[in-house]
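Asks: task: produce atomic coordinates for the following.
(2 chains)
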Protein chains: 2
Amino acid sequence: MKVRRSERLIDMTQYLLEHPRTLISLTFFVKRYGAAKSSISEDLGIVKKTFHERGTGILETIAGAAGGVQFIPSISEEEAHATILSLCDRLSESDRLLPGGYVYLSDLLGEPSLLRKIGQIIAAKYKDQEIDAVMTVATKGVPIAQAVSYHLNVPFVIVRRDSKITEGSTVSVNYVSGSSQRIEKMELSKRSLKRGSRVLVVDDFMKGGGTVNGMTGLIEEFEAELVGITVFAESSFSGRRVVDDYQSLLCVEEVDTHTKTIKVVPGTYFDK
Amino acid sequence: MKVRRSERLIDMTQYLLEHPRTLISLTFFVKRYGAAKSSISEDLGIVKKTFHERGTGILETIAGAAGGVQFIPSISEEEAHATILSLCDRLSESDRLLPGGYVYLSDLLGEPSLLRKIGQIIAAKYKDQEIDAVMTVATKGVPIAQAVSYHLNVPFVIVRRDSKITEGSTVSVNYVSGSSQRIEKMELSKRSLKRGSRVLVVDDFMKGGGTVNGMTGLIEEFEAELVGITVFAESSFSGRRVVDDYQSLLCVEEVDTHTKTIKVVPGTYFDK
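Replies: As a prediction, this is how the structure comes out:
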C-alpha cells in the first residue's frame, strides 16, 4: 500500500520521536510506507530541517550500507532558559518551606510535562557524550533519572539505602552524609551495571554532596566510569562540599524560616 | 512567516505528541505557523487520519469558540499484545529467579523504551475515564506510575514506607502485608493529593495484594476516589487475596526454585 507524503511525514515524525538515539535504516521506512528510497530521503530531509528550525533536535544521517538516520532530542536554549526561570518562581513559593529549612519538591517531581522538559534539558547537555546508563538514588531521584534516560535512550539504575530481596545480590558502599556527617550505606543490585559502563549521575537535591559522592564510590566499585553529575537543585552550603564537578538546574540561595522566604536562582547549567 | 504544509505537519505532530490530553486551540496553530484557519483544519484532519490508522491515538476535535483539538494517546491492540508476549518470554528467563522464589524485574523497569510502552498500554485501558492522579508506592512502582501519568497527563504521587522530612506533613495508614501477614505502615504527603481526586493505582508486583490494599486505604483517608488498579505483574497466590478488582499485564504462574523455571503468561489485561 502506498502512503502519501503528508501521512508519511506525520508517521515518520511520530516514529522518530518514539525512538530517540536509535539508528533506523532507510529500508525500514521504505517498507513501512511502500515508497521509493528517493522519496524517503526527501521526506527525511524535510523532517531534519523542521526539527532543526524548531529546536526539537538533530536528525543525524549515517551514510553507507549500515547507515540510516538517528534522532538526537534536544531543546532550544530559549526554552530551557524559560523553563528554569519559571521553576525559580515556583520553587520560591513560601508554602514550600518545610521545618528545618527544607523545600517541598515532590509535586514538581510528579508533573509529567515538567519532567519531560527536565529530561530534555539535562540530556541536551550530554548529547555529544557516550553514556551507557543513568544512575540515581531512591526515591526522589527516580523521576529525573527516568526522564533523562528516555531522551538518551539508555537504562537507568536505582541505588537504594535499604536492601530489598527483590534486588538479588548487591554491592554496597558507606558514605558520609555531607550535611549531617553521619555514616550511611547505599547499595546497588550487582547485575544492574556492567563493568566499564559510562555513567551519568542525577539526583533531585544536593546539599553537602554526600549522596552524590556515595554514588561515585559505587561507580568505582563497579569499575565503571563517571561521565557527569547533574542535580535538579542545589542549596548553597556553608561547609566544604565533597563534590565539585557537577551541574545544577536550580540553586536555592537562601532560605529564611523566620520571614518564610526562599530565594531560588538558576544553577550552574548555563555557566560557560 | 509562512510555513509550508509539510513542515507544519511535522511540527504539529511533534507538538501534539508532547502535549497529550491538552486542549489546543486552532488559533494557537494559526499563530505558530502564520497560516489560515482553514489550512490548519485541513492539516489536523490529515494528522487525525494518520494517527487513527497507525494506532498512535485519537485526535479529538472540540467544536465551538472554546474548542480545539486534543490528542489522546493509545496503542494498537496488536502492539500491546506483542509487547506483553515478549515480556512473558523475558520474565521467564531462568536467571531472573532470586532466593525465596522472587523474580528480578529491576532491569526491565529501568528500560525507557519498554516503560514508554507499558505506560501506553496501561493508559489506553483508562482512556475514557476521568483520572486526576496516578498513585504508586516507592520504589519500584515509580517508573510505571511516571510512564502512565505521562500518557494521561496527570501528576503521580508516591506513597512511602519510610517517612522523610522533605515530604512535610503526611497521612499514614497501617496495612497487613498479604504474603507475610505482618502489619506495616505507609504514608503519603498531605499536600500531594486533593480531596475528591479520582485516582488510578499502579504497582510493579502484586502477590497477596496487601500493598495495593494499603493504597486504597490511603485513598479513603484522603477522601479521594479509586478509579482502578493495574499492576505490571501478579503472581498466582494460594491464600485469599485482599484485592480482587484489578488488572495485570503479566501473571507469574509458577516458580520452581528446584528446576529453576519461571512460567509467565499474559495477565488479566486482555480479559473481556
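
Asks: what backbone torsions are found at A:Gly196?
Replies: Main-chain dihedrals, A:Gly196, degrees, to the nearest 10: phi 80, psi 0.

Asks: who are the contact partners of it?
Replies: Neighbouring residues of A:Gly196 by Cβ atoms under 8 Å, 6 or more residues apart in numbering or on different chains: A:Glu223, A:Ala224, A:Glu225. The C-beta positions use only the backbone N, C-alpha and C, and glycine is treated the same way.

Asks: rerun at 10 Å
Replies: A:Asp132, A:Phe222, A:Glu223, A:Ala224, A:Glu225 (Cβ atoms under 10 Å, 6 or more residues apart in numbering or on different chains).

Asks: and for A:Ala66?
Replies: A:Leu23, A:Ser25.

Asks: on that earlier part again, mark which of the contacts of A:Gly196 are buried, thanks.
Replies: The neighbour-count criterion (16 or more other Cβ atoms under 10 Å in any protein chain shown) marks A:Asp132, A:Phe222, A:Ala224 among the contacts of A:Gly196 as buried.

Asks: need the pLDDT of the closest residue to chain B within the stretch 151-272 of chain A.
Replies: Closest residue of the stretch 151-272 of chain A to chain B, Cβ to the nearest Cβ: A:Pro155 (4.5 Å). The model reports A:Pro155 with a pLDDT of 98.

Asks: isn't it right up against B:Asp107?
Replies: Yes. If you go by Cβ atoms under 10 Å, A:Pro155 and B:Asp107 touch, sitting 7.0 Å apart.

Asks: tell me which of those two has more neighbours.
Replies: Taking neighbours as other Cβ atoms under 10 Å in any protein chain shown, A:Pro155 and B:Asp107 compare with A:Pro155 leading, 24 against 15.

Asks: please put the alpha-carbon coordinates of stretch A:258-272 into PDB.
Replies: The C-alpha trace of stretch A:258-272 is given here as PDB (Å, rounded to 0.1, in the frame of the first residue of the first chain):
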ATOM      1  CA  HIS A 258      11.700  33.400  60.000                       C
ATOM      2  CA  THR A 259      10.400  35.500  57.200                       C
ATOM      3  CA  LYS A 260       9.300  32.400  55.300                       C
ATOM      4  CA  THR A 261      11.200  33.300  52.100                       C
ATOM      5  CA  ILE A 262      13.000  31.100  49.700                       C
ATOM      6  CA  LYS A 263      15.400  32.600  47.200                       C
ATOM      7  CA  VAL A 264      16.000  30.500  44.100                       C
ATOM      8  CA  VAL A 265      18.200  31.400  41.100                       C
ATOM      9  CA  PRO A 266      19.300  29.400  38.100                       C
ATOM     10  CA  GLY A 267      22.000  26.900  38.800                       C
ATOM     11  CA  THR A 268      25.300  26.300  37.100                       C
ATOM     12  CA  TYR A 269      23.700  24.700  34.000                       C
ATOM     13  CA  PHE A 270      24.100  27.800  31.800                       C
ATOM     14  CA  ASP A 271      27.500  28.700  33.000                       C
ATOM     15  CA  LYS A 272      30.100  28.700  30.200                       C
END
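
Asks: tell me which residues in the strand or helix carrying A:Ile122 are buried?
Replies: Here A:Ile122 sits within helix A:112-125, counting by DSSP states H and E. Within helix A:112-125, the residues that count as buried by 16+ other Cβ under 10 Å are A:112, A:114-125.

Asks: quick one, longest helix in chain A?
Replies: Using DSSP state H to define each element, chain A has its longest helix at helix A:37-54.

Asks: and it, which residues are buried?
Replies: For helix A:37-54, by 16+ other Cβ under 10 Å, it's A:Ser39, A:Ile40, A:Asp43, A:Leu44, A:Ile46, A:Val47, A:Lys48, A:Thr50, A:Phe51, A:Arg54.

Asks: model confidence over that helix, on average?
Replies: Per-residue scores along helix A:37-54 average to 96.

Asks: ok so, going back, which residues touch the residue of the stretch 151-272 of chain A closest to chain B?
Replies: A:132-135, A:145, A:149, A:192-193, A:197, B:106-115.

Asks: and for the spatially closest residue to it that is not a sequence neighbour, the neighbour number?
Replies: Nearest residue to A:Pro155, sequence neighbours excluded (Cβ to Cβ, 6 or more residues apart in numbering or on different chains): B:Gly110, at 4.5 Å. Number of residues near B:Gly110 (other Cβ under 10 Å) recorded here: 24.

Asks: so where do the strands sit in the stretch 1-150 of chain A?
Replies: Along the stretch 1-150 of chain A, counting by DSSP state E, counting those that start in this stretch, strands occupy A:57-62, A:68-73, A:97-98, A:102-103, A:133-137.

Asks: out of the ones you listed, deepest packed?
Replies: Highest mean neighbour count of the strands of the stretch 1-150 of chain A: strand A:133-137, a mean of 27 (counted as mean count of other Cβ atoms under 10 Å in any protein chain shown).

Asks: what pLDDT does A:Ala66 get?
Replies: 84.

Asks: any idea how far it is from A:Glu60?
Replies: 14 Å (Cβ to Cβ, to the nearest Å).

Asks: what residues are shared contacts of the two?
Replies: A:Leu23.

Asks: ok, back up a step: which residues are common contacts for A:Pro155 and B:Asp107?
Replies: A:Ser192, B:Leu114.

Asks: which residue packs closest to A:Ala36, ignoring adjacent ones?
Replies: Using Cβ to Cβ, 6+ apart and skipping residues adjacent in sequence, the residue nearest A:Ala36 is A:Val30, 7.3 Å away.

Asks: do A:Val255 as well
Replies: Per Cβ to Cβ, 6+ apart, closest to A:Val255 is A:Gly101, 4.5 Å.

Asks: so who does that neighbour touch?
Replies: Contacts of A:Gly101 (Cβ under 10 Å, 6+ apart): A:Ser235, A:Val252, A:Glu254, A:Val255, A:Asp256, A:Thr257, A:Ile262.

Asks: give me the low-pLDDT residue ranges for chain A?
Replies: A:1, A:178-179 (pLDDT under 70).

Asks: OK, contacts around the spatially most central residue of it?
Replies: The residue lying closest to the centre of chain A (Cα atoms, centre = their mean) is A:Val148, at 2.4 Å. A:Val148 makes contacts with A:115, A:118-126, A:131, A:134, A:136, A:154, A:156, A:200, A:202, A:230, B:112, as judged by Cβ under 10 Å, 6+ apart.

Asks: per-domain residue ranges of chain A.
Replies: Here the domain parsing of chain A from automatic domain parsing is A:5-73, A:77-270.
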